[in-house]
Structures are given as structure tokens and as C-alpha cells.
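Trainee: A predicted structure for the sequence below; I have some questions about it.
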Amino acid sequence: MKQVLQHARTGEITVEEIPAPQLLPGCLLVRIAASVVSAGTERASSEFAKKNLLQKAKSRPDLVRDVIAKVQRDGLVAAIQTVRSRLDQPQTPGYSSSGTVLAVGEGVSDIQPGDRVACAGANYAVHAEMACVPRLLAARMPADGNKVSFDEAAFATLGAVALHGIRTAEAKLGDVVGVIGLGLLGQITAQLLKAAGCRVVGMDIDPFRASLAKNLGADATTASLTEFRSLCSEMSRSVGVDSILITAETPSSDPVNLAGAIARDRGIVVAVGTVGISIERKAYYEKELDFRISRSYGPGRYDAAYEQKGRDYPVGYVRWTETRSMEAFLQLVSEKKLNVSALITHRFPIEDAVRAYELIAGRSRERFMGVVIQYSGQAELSQTIMLQPHPGRRTETSPARPTEVSIGMLGAGSFASSTLIPAIQGSPQTRLVTVCAATGSHAQHAARRFGFQTCTTDDSAVFRDPAVNTVVIATRHNLHAKQVISALTSGKNVFCEKPLCLSEDELYSVVHAYVENNASHGRQLMVGFNRRFAPMTLRIKSFFAQTAEPLALHYRVNAGYLPPDHWVNDREQGGGRIIGEVCHFIDLLMFLAGSPIIEVAARAVGASPQYSGDNVLISLRFADGSEGTISYLANGDRSFSKERIEVFGAGAAAVLEDFRRLELVRNGRKEIVRARWRQDKGHRAEWATFVQSVLYNAAAPIALEDLVCTALATFRIEESLATAERTQVNTSAFFDAVRRASSCDADQEK
């Protein structure tokens, strides 16, 4: 299918062929008929992308601070790689569209294939021939014939923005309302205010826009600042307007202060567009004005539980959610109370979408208002695209060679693109076959950037492909267990980024699948605990190799704050930071101790909900008597070093600081090892070891018992946090249960 992409490094707009999106649970697969190009939001995004690095840095000092902190913590090379990876990732413009539902995902029951819908949301209602849209970001179009066209319905997102702004302004029947900025959003706002029985005074510096609003029903409009003040005074009988909606797009604060001048005593000023808000206090103080900022489409916006998980708000408590506002807008269009068609000045087929961006950028010097991209409806539902023939691959079904590790990659996010795939590329015995991501743009970009032969949005295609003998999993945590099991049962080797799974039941299913399939296929199962392969980690391991007594190990992690709504903190998607990240540090201490964990205890530090329970002190007891502690902290300064490991035993000590400085001390003699330009956390060595184990059927780089012990330890830490008691980690009992289940399965087959 065709989709519009914007390249973050240059700002270039292209129309490219990418795989159709994957249908996700709780979502709709929509064949798009029309989408609206936002002259404000999308032009601003394009202008930012075209800036050079220095100009971007001046525009976003917050991001500059993040980069500086990363340089201080991780080194210059790591920071450069992260910045380049983000700049290389294409953006997917568009947030308002309409089309026909092709299929519905699991959990959707109130919309059926064939329904006509309007779609909303950045990264969802994109300019593409097909889109996967969460249920509550789609509104069913009125079913009464063709009273609402797809072109009109494509404006529903903007309509919801305007409706929420009007409600935020508390505009009522008979009110005099000012609208500053008569672009597309201002035009829709003015029409909606008239439909609500308000008297509307509009102002825009462009006479064409002011005239259009007057022709479409506004009571009075002007392009003159002086005349606008006079009109507001005249319409309100010198009292001042009841409310003002600022729908302009400008960094200037002039619209906000103009609103203060024309408002009545205790009036309401609402910023709907992106404007400067340096308020001159005098007018707002003397009139005791109420200044408000309208948040996009309304209640539900930016709430992942609502938008992504489909958890609607009860209508009795939240009358106008973003979805219900879209539905209300569509109904008003159906009843001919709004004239949306009159706002459309340009229509472009998807093949010529670049011209739409040239138009809104002002290159063609044409007047414009509503710019619509139209789609033929002929796109094929193809989730896989072949990019380039790979030497030696004779047909699509040719099997993988025994002398190479041929990769099917699941996930093409930031970590995969900046760290994992480059590490894989460094292996001469590795072949990149297929990359799969939920969105076609991510899959296509990764395939082109790294040289994969095929890109897809269908993970089952990876499992079925005989040219793939190894599946690398770098998706979100909630998908890991299911994908590991599918890969194992397909006879593939598996490299899974941490964590292996999110629950003990999932762990049981994974291990059972491995035991059952390993007997017939002899495949490897690996989890990406890279730190145990880092050169400085191996130096510590060697340093204490002859130590017979138990070790004392201390691990301090300056993890940094993650907001509560971050996907890692989502128990359903990320599993929380203990399961999702602390597993790394548990594995490393277990590797250094050379002994399994038998007992854990954990307690939270402080009760502030700000840190989502991420400040945790953990105690680990190992079978050989070694003791370990992990201080996992989210309330430190990000510029401070992230990880510090201390190991003591038999008159010796080792201190590792952020995998950049290692200090080894024994008998009064000190050795210091430094990494000057970059950390080496073991990603390349980890992959090289895994490749050798696959090609030569060697022992697993990390024993299955260790993988299970680490996972169980994270689950027991969660239990200890909840109960404030020490808990046992019984790996042997877990494997006994798996063996009993396997024996029962074998007996049933007989």
C-alpha cells in the first residue's frame, strides 16, 4: 500500500510502498478513502524537520539536555548512535481521515466490516491507503444514505477539536463569541458556534479567510485589528464578548492579549491553537478573566487506557469524550448544519500527496483552506514486501543454509535499530532475511536501512518462512512469550530480548514448549542478558575465578524516572520495571556469583506515587552463600552514572562504573581499566556467542536453568514488595512440574 512519510533528518515528504498494517486487538483495519492535511500541525512538523541540527537544538533545548546527559553517562559514541537512530526513523504524518472497515480486531463488537468510519489520532489516522485504528479513535458515520461523504467525514478530528474548545469556553445560546484565527480550525469553530445559537465575531489577518467565514455564517468578520475591536464592542453593546476562542497558529502572544482586551468582565479565553501565552497581567487581572487551554479532542485524549485499550468513560460521568464529539460533528454535517465541503479548496490523489505539502508550505503561492488526500480504494491487503533479492536465495521457499544464522526480526523500534541490529550486522555468519513490525513504515525503514530482503507486518510469515532459522524478538514485553512459543514450535532458534515473559504461567508455557521442541529440533533459546558478555564483566569473573568463599555483591542502578503512563510501567504491556529491567541486573549478579538464587527480599523506598514503585532495595541470597543487593532507584539525577557494581571476596575487590571504568584491587595492588569513547555492554559478544552455539550446536550461552531462575526471581521480588516478606526461589520445583507435565503429554500420545 502507499503511505506518506516524512523524513526527520531532512523534512522531505515522500509517498512510498509499504506493507499493510497488522490488525491489533481492540482495533479496526480501515481502507482509507480520504484524509485531511493539517496546514498548522503538519506544516510546523515539516518546518522543524527541515532545520539543521543547530536550529533543532535551539528549538528543543529539553532534548539537548537529554543528549548532554547521555554523553556524560554513556559516552559520546553511544549518544551519537541514539541521535542518528531517531533522526533516521521516518515520521507518519496525518491524524484525521475516513474510510471503510475491512476487519475488526479481538474485543471489538459494536463495529462490523463494511461500516463507514471517521478516524483520529497521530500515528493512527495517517495518510495511507490502509490504517489500523483503535476502536475509540474511530466514529461510525451516519448510516442514512450518503448524506456525509468521505471527504467531509475526514474532517471529524478537527471537528472534535473545535467542539471541545467550544465546550471549554462554556459558550451558550445567545452568547457573543470571538474567534481569533480563521484557518481551517477557526472556520469549523465559527460554524459550530452558529449552530449552537451564538453570535460570532471573527478575525484573521488574511482577508480571504475573513470573507469566507462571513459567507459561511459568521455574524461579522474582519482582517483589521482596529475594526475587530469595534465589532466586538458593537456586537456586545460595549460590554465585551462572553468568550474568545483562539484558533490561530503563531508563537506570538498578541492573540492572547487581544482576547483580554475584547473580553467582558469575568469572560473566558480559550487557547485552542498553538499560540504564545505571555499574558499581559493588567487586562486579565482587572477583568478577572479565566484563561484556559483546550486539550485537543477532549476527554480520552492522551489516556492510553482509553485510546489504546478501549476503556470508555461512562456517559453519565463524561458526556463528551473525543469519540462522542466526533460522532456529534458527523451528525451535524449529516443534518446540513455545517458546510464542510465549502472549506475544501484542494484535492490530491495519494500518488501526488507531495504537492499537498508544497501547497501548505506556500511554495505554489496558491490560496488554500481544506486540503484533502484521496485514495482509489484499490490497494491490496499485502502485509509482506520483497525489497531486494539476496544472493543465493533462489526462491521464496528456499531453506536456510546450515552454515549461517538467517534472521527473522520481530520489532524495529529504537533499541533494535540503534543497538541490536547493528550488533547482528557485525557477524559475518549472519544473514538478514525478514524484519517484521506492527506498522509498515517501521518495517520498511528497517529493511532498507539494514539490508533485510523482506519487510512484513505479519509475524506468522516469519515463523513459516523456511529461509529463516532464527527468530530475534525485540517487540514489547507482552508479546515475548507468545512469539517465543510460536518460534520454538516452528523449529526456529530464538533470541529474545529481555524479559522472557511477564508471568509464571507464561514462563511455564515457554519452558514446556522449549523442552518439547528441543528434543526434536535441537534449537537454542537465548535471552538478551548482554551485560554478562561485556569485556569488563568477564574481567571481574576471571579476577574472582579462584575465590572459594562466598562473594558480597552490590549493584546500584540510577534508573531514572519514567512517567506512570509509560508503556514499561503498564502491567499489561511492559510488566513493570522489576520484570522488564531489573532482570538484567539479577542475571549479572547471578553470573558473577556463579550460583543460583534461592531467596529474595525487597522493599520500596518512600511512598511517593511519582516513582510508580520504582525505588526498590532488593536482597538476593545465592545457593553458595553469596549475598547480593540491588538498589534500583528512579529519583536520582540522569546525568549521574547509571550503573555501579561492587564485588568483594577473599581479600579482593572490584568496582565497575557504568561499563566505562573498572578497578581491580588485591594485596594492595590496583589495576584500572578504562573505555575511552564508548561503553561496551556486551551486545556484540553476546550475539557472536549465540551464533556459535547455533552453528555448532554448542551449549547454550546462558543455561535454561539460569533463564528460569532470573525470571522466577523477578516474580518473587514482586511478591516480596507486596507482602514485605522474604520469598523462596525454587527453580528445581519449577522444572519438576515441567517434567511431570511432559511425561503426562507423552503418556497421552501413547
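Mentor: Looks like it came in fine.

Trainee: what bridges to residue 91?
Mentor: Counting by DSSP bridges, residue 91 forms beta bridges with residue 6.

Trainee: any idea how far it is from residue 634?
Mentor: Between residue 91 and residue 634 the distance is 30 Å, computed by CB to CB, to the nearest Å. For glycine as for every other residue, the C-beta is placed from the backbone atoms N, C-alpha and C.

Trainee: now do the same for the closest residue to residue 574 other than its chain neighbours: its pLDDT.
Mentor: Residue nearest to residue 574 in three dimensions, not counting chain neighbours: residue 568, with 3.7 Å by CB to CB, 6 or more residues apart in numbering. For residue 568, the pLDDT comes out at 92.

Trainee: residue 568: how many residues sit nearby?
Mentor: Neighbour count for residue 568, taken as other CB atoms under 10 Å: 18.

Trainee: which SS state does it fall under?
Mentor: Judged by DSSP: H, G, I helix; E, B strand; the rest coil, the three-state class of residue 568 is helix.

Trainee: next one: the helix or strand harbouring residue 526 to chain centre, how far?
Mentor: Counting by DSSP states H and E, the element that carries residue 526 is strand 525-527. Distance of strand 525-527 from the chain centroid (CA atoms, centre = their mean, to the nearest Å) equals 25 Å.

Trainee: what's the distance between residue 89 and residue 8?
Mentor: Separation of residue 89 from residue 8 (CB to CB): 6 Å.

Trainee: an error on my part: the question was meant for residue 118.
Mentor: 28 Å.

Trainee: same deal with residue 720?
Mentor: From residue 720 to residue 8 the distance is 43 Å (CB to CB).

Trainee: neighbour count winner among these two?
Mentor: Legend: neighbour count by other CB under 10 Å for residue 720 and residue 8, higher for residue 720 (20 against 17).

Trainee: leaving out the residues flanking it, which one is nearest to that one?
Mentor: Leaving aside its chain neighbours, residue 720 sits nearest to residue 602 (4.3 Å; criterion: CB to CB, 6+ apart).

Trainee: next: residue 280.
Mentor: Once flanking residues are discounted, residue 280 sits nearest to residue 257: 4.8 Å by CB to CB, 6+ apart.

Trainee: correct me, but that neighbour touches residue 277?
Mentor: No. Distance between residue 257 and residue 277: 9.9 Å, which falls outside the contact criterion (CB atoms under 8 Å).

Trainee: between those two, who's got more neighbours?
Mentor: Neighbours were counted for residue 257 and for residue 277 using other CB under 10 Å; residue 257 has more, 18 against 13.

Trainee: and the next helix or strand past the one helix or strand the more buried one maps to?
Mentor: Assigning secondary structure by DSSP H and E places residue 257 in helix 254-262. Downstream of helix 254-262, the first helix or strand assigned by DSSP H and E is strand 263-271.

Trainee: that next one - what's its average pLDDT?
Mentor: Mean pLDDT, strand 263-271: 98.

Trainee: that strand packs against which elements?
Mentor: strand 241-246, helix 254-262, strand 290-293 (3 or more CB pairs under 8 Å, 6 or more residues apart in numbering; DSSP states H and E).

Trainee: could you dump the helix holding residue 257 to CSV, C-alpha only?
Mentor: Coordinates of each C-alpha in helix 254-262 appear next as CSV, following Å, rounded to 0.1, in the frame of the first residue of the first chain:
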residue,chain,number,x,y,z
ASP,A,254,-0.6,39.0,20.6
PRO,A,255,-3.8,36.9,20.1
VAL,A,256,-3.9,36.1,23.9
ASN,A,257,-3.6,39.8,24.8
LEU,A,258,-6.1,40.9,22.1
ALA,A,259,-8.6,38.4,23.7
GLY,A,260,-8.0,40.1,27.1
ALA,A,261,-8.8,43.5,25.6
ILE,A,262,-12.2,42.4,24.0
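
Trainee: near residue 562, how many other residues are there?
Mentor: With other CB under 10 Å as criterion, residue 562 counts 17.
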